[in-house]
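Trainee: Pasting the sequence and the predicted coordinates here, then a few questions.
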Amino acid sequence: MDSRVSVISIIIKDEEAAGTVNELLHEFRQYIVGRMGIPYRERKVSIISVVLDAPGDVTSSLSGKLGMIDGVSAKTLTAKM
């Protein structure tokens with residue numbers, strides 16, 4: 001299956017969910033090109049952007065698992081190449 005470049009944007013609204021998010025990202029580390037995290041303290045959320053180079057089913061799996069965590073929102077954008 002062809003690998004695609006994608007960005008998953010994650011917003012963590014529940015601080016206690018951060019550990020679960022990090023564990024999940026660790027499981028998919030072989031596909032992660034880079035990540036950037038921003039703590040937005042004034043709004044009491046954390047924002048993470050994760051760049052992946054992975055097959056579509058892997059990206060969908062990670063995004064879906066992130067979205068099932070309480071207090072977490074995740075959206076994916078995939079580049080057409």
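Mentor: Right, received. Where do you want to start? Residues are numbered from 1 along each chain as shown.
Trainee: Please make it C-alpha for all contacts and neighbour counts, starting now.
Mentor: Fine.
Trainee: S73 should be in a strand, yeah?
Mentor: Yes: counting by DSSP: H, G, I helix; E, B strand; the rest coil, S73 falls inside a strand.
Trainee: what's the distance between it and K80?
Mentor: Going from S73 to K80 by Cα to Cα, to the nearest Å gives 23 Å.
Trainee: likewise V50?
Mentor: V50 is 17 Å from K80, by Cα to Cα.
Trainee: Among the two, which residue is more densely surrounded?
Mentor: V50 (17 against 7; other Cα atoms under 10 Å).
Trainee: pretty sure that one is touching M36, no?
Mentor: Yes: counting by Cα atoms under 8 Å, M36 is a contact partner of V50 at 6.7 Å.
Trainee: Residues contacting stretch 24-36, please?
Mentor: 48-54, 62, 66 (Cα atoms under 8 Å, 6 or more residues apart in numbering).
Trainee: Most neighbours out of those residues, which is it?
Mentor: L66 leads the contacts of stretch 24-36 on contacts (other Cα under 10 Å) with 25 neighbours.
Trainee: Which members of the contacts of stretch 24-36 occur in helices, if any?
Mentor: 62, 66 (DSSP state H).
Trainee: where's T20, which helix or strand?
Mentor: Element membership for T20, per DSSP states H and E: helix 18-27.
Trainee: how about that helix: buried residues?
Mentor: Within helix 18-27, the residues that count as buried by 16 or more other Cα atoms under 10 Å are 18, 21, 25.
Trainee: Just put these in JSON lines and tack on distance to I10.
Mentor: Putting those into JSON lines (distance: Cα to Cα, whole Å) gives the following:
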{"residue": "A18", "distance to I10": "10"}
{"residue": "V21", "distance to I10": "9"}
{"residue": "L25", "distance to I10": "11"}
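Trainee: Nearest to I8 among these?
Mentor: For the buried residues of helix 18-27, the residue nearest I8 by Cα to Cα is L25; the value is 10.9 Å.
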